[in-house]
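K.L.:
Sequence isn't available, so here's the structure alone:
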């Protein structure tokens, strides 16, 4: 294409590029420098900041919780939303209604969560009242190790509608003719699911995983509003550590941790992206 | 017959699930219309006022708008926070429209050196949690003297790369022939963007605005980190201690926070669904 046009077009990109560079990229170079220098004096200290991050008890506990959270939540969300979307598709037209209903939690403000979860999960809350009917005595859920599961529940509740829509978009891209051909050949529902639906959903699978991961970072909002800077230890996440180090101006540790997490996520995305592109070529 | 039962079982199950998903909203609306005595009866158990358990809230028996009057007339700090939220959310969305939309257009419609590298970079930045870029943001905001002003939230928000990524999907789907024929007719690049890009991508722009609204209406980390002065805080950080005397007000505050989000949600629902679906298309 005409070179001149391209350069004229790229001009529109400049404001965005400038902003991203000024607010994120250039200062990140400074963060990178800080990760390898001491907080006071700024001498080069090699990897000792990283060592002190990785041996830090708060960091280790939070990293453990965060990893556990991710590993549990994402498969749970992907599977439950896939099941729901398959069912929604099966009931046909009326499915549109449910699809919309499941999205509503997205609109509920985070600040309401504090009150809502108190109502549901307090020692004298609704859940325990319900369990009481069956003679089961509950706990003050938010102040026990179950607080972690409340966070898991929050994430599922908030994101299931989002993922259902993503799956439905993937499902609608599968041509109906494949199913018809398979049915003519005598394939039943089960065969259709395992040999047509699931393999064809693979490309969507990777993107949905990435987006679910992105949304999983946001549970910090709920965790913070419920528990503050130091919540019940089972919902103490990496984000808490970052926020607390920032507040205490432990910038050396904060820089090292930011660089560390940046590269972990970076590598994760590149791996997923490669998988994604491989799938596309099939 | 077996099929009929199965499909109705399915419907029943989906319905139960829908009710569970939405009950929190019903609870908030119901409780916001209760007077203090009724709220005390229903929620007393978690406010330390009663033994036993809370009661299931469905419909208030003695509906009253007292809590609404109280919060709208007698709680000026709530009003200020509401206005702060409007300013922050509006500022970010407007900025994204000016900066993000043209950027997405360029990524979708032009090929230039480093195109893929830059786009991958945008994608990576989009996926970084706030805490990773928090220090970077802080160093710049502090250098510019913007700490403790609302610009410290609005400016980094404007340059978020998520809208670029989302709109890229919408702009890419415009058939190339339309733009080619406009070029042959002698339209300039700016003209093509304004006359064809914007109208044809308008669904995407609205989708982005709806998704963005729900995101920025709920900001927690950014104001918490960059705003010390609580008078600048948005509504998402309005968390009164819930006691018997103000429980009604707390619930009502939640409802008023919820209302704009719910309106945007209902009005832009189709766009929201399109936007979500577009964010998931393989790229």
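P.N.:
Received it, and whenever you're ready, just let me know what you need. Quick caveat, the model's predicted, so the values are computed rather than measured.

K.L.:
wait, residue A:119 sits on residue B:42?
P.N.:
No: counting by CB atoms under 8 Å, residue A:119 does not reach residue B:42; the two are 9.3 Å apart. In short, each C-beta sits where N, CA and C put it, glycine included.

K.L.:
Grab the most central residue of the chain for me.
P.N.:
Because you didn't say which chain, this covers chain A. Centre of chain A computed as the mean C-alpha position; nearest residue by CA atoms, centre = their mean is residue A:216, 2.2 Å away.

K.L.:
wrong one, I was asking about chain B
P.N.:
Nearest to chain B centroid, counting by CA atoms, centre = their mean: residue B:214, 0.9 Å.

K.L.:
Am I right that that one is in a helix?
P.N.:
Yes: assessed by DSSP: H, G, I helix; E, B strand; the rest coil, residue B:214 belongs to a helix.

K.L.:
and the helix or strand harbouring residue A:191, what other elements does it pack with?
P.N.:
Here residue A:191 sits within helix A:189-191, counting by DSSP states H and E. With contacts defined as 3 or more CB pairs under 8 Å, 6 or more residues apart in numbering or on different chains; DSSP states H and E, helix A:189-191 has no packing partner among the helices and strands.

K.L.:
Quick check: what element follows that helix along the chain?
P.N.:
Heading C-terminal from helix A:189-191 (DSSP H and E), you reach helix A:198-216.

K.L.:
got the contact list for that next one?
P.N.:
Residues from elsewhere that reach helix A:198-216 (CB atoms under 8 Å, 6 or more residues apart in numbering or on different chains): A:69-70, A:73-74, A:77-78, A:82, A:155, A:158-159, A:162-163, A:166-167, A:169-171, A:173-174, A:178, A:268-269, A:272, A:275-276, A:279-280, B:126-127, B:279-283.

K.L.:
Can you turn the buried part of those into a PyMOL selection?
P.N.:
In PyMOL syntax, the buried subset of the contacts of helix A:198-216 is picked out as below (16 or more other CB atoms under 10 Å in any protein chain shown):
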select buried, (chain A and resi 69+73+74+77+78+82+155+158+159+162+163+166+167+169+170+171+269+272+276) or (chain B and resi 126+127+279+280+281+282+283)
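
K.L.:
From chain B, how far out is residue A:175?
P.N.:
16 Å (CB to the nearest CB, to the nearest Å).

K.L.:
in the stretch 101-250 of chain B, which spans are helices?
P.N.:
B:115-127, B:130-143, B:151-158, B:162-172, B:176-184, B:189-192, B:198-200, B:202-216, B:221-226, B:247-267 (DSSP state H, counting those that start in this stretch).

K.L.:
element containing residue A:257?
P.N.:
In the assignment (DSSP H and E), residue A:257 maps to helix A:251-281.

K.L.:
buried residues in that helix?
P.N.:
Within helix A:251-281, the residues that count as buried by 16+ other CB under 10 Å are A:251-262, A:265, A:269, A:272-273, A:276.

K.L.:
Contacting chain B as well, which ones from those residues?
P.N.:
Residues shared between those and the neighbourhood of chain B are A:251, A:254-255, A:258, A:261-262, A:265, A:269, A:273, A:276 [CB under 8 Å from any CB of the partner chain].

K.L.:
what two of the residues you listed have the greatest distance between them?
P.N.:
Within those, A:251 and A:276 form the most distant pair, 35.8 Å apart (CB to CB).

K.L.:
what about the chain, any weak spots by pLDDT?
P.N.:
You didn't pick a chain, so chain A it is. Within chain A, the stretches with pLDDT under 70 are A:1-4, A:276-282.

K.L.:
To clarify, I was referring to chain B.
P.N.:
Residue ranges of chain B with pLDDT under 70: B:1, B:281-283.

K.L.:
Perfect, I'm done here.
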